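Q: my questions concern the predicted model and sequence given below.
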Amino acid sequence: MSTETKAASGRETSRIHNICYRSYDGRRLGRAYARRSLYSQTLRGSFGLGRSAKSKVLPMLLFGVMTLVAAILVAVSMATPGSTQLVVKYTSYAIYLQAVIGLFIAAQAPQAVSR
């Protein structure tokens, strides 16, 4: 008799619990399909895709703010004579707009986590 325990992996750790709510006779699509579905539904919910216009307002407004600031920075750097560099470095753009990014994350986190 061996007392060694082998770590379960793959399908051995997956279980389907039947609580008799609704029967399902279809094909089991696996973990990868479940991961892809959760990822795509989270993105759709975060950006309001496939939902009413009311749920698209905040994400698109914040997207507009980010692109408008970028467009203004590029226009200023192009209008400045003799300068070939951007006003704000590419690597520090997100740092300057971290309040906008933080607002988006704070607004969309409940939808992404509580699904």
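A: Right, received. Where do you want to start? Numbering: from 1, shown residues only.
Q: quick check: the most centrally placed residue in the chain vs residue 55, distance?
A: Nearest residue to the geometric centre of the chain (CA atoms, centre = their mean): residue 43, 5.0 Å. From residue 43 over to residue 55 the distance is 13 Å, taken as CB to CB, to the nearest Å. Using the backbone N, CA and C atoms, a C-beta is placed for each residue, glycine as well.
Q: overlap in contacts of the two?
A: Applying CB atoms under 8 Å, 6 or more residues apart in numbering, one finds that no residue jointly contacts residue 43 and residue 55.
Q: what helices or strands is the longest helix seen in the chain leaning on?
A: Secondary structure assigned by DSSP state H gives helix 57-79 as the longest helix of the chain. Helices and strands touching helix 57-79, as assessed by 3 or more CB pairs under 8 Å, 6 or more residues apart in numbering; DSSP states H and E, comprise helix 31-47, helix 98-113.
Q: nearest to residue 81, out of these?
A: helix 98-113 (30.4 Å; CB to CB).
Q: buried ones in that closest one?
A: For helix 98-113, burial by neighbour count (16 or more other CB atoms under 10 Å) applies to 100, 104, 108.
Q: stretch 45-61 now?
A: Using 16+ other CB under 10 Å as the test for burial, stretch 45-61 gives 45-48, 59.
Q: circling back: ok, which of the helices and strands packed on helix 57-79 comes nearest residue 69?
A: Residue 69 lies closest to helix 98-113 among the helices and strands packed on helix 57-79, at 8.3 Å (CB to CB).
Q: cheers, nothing more for now.
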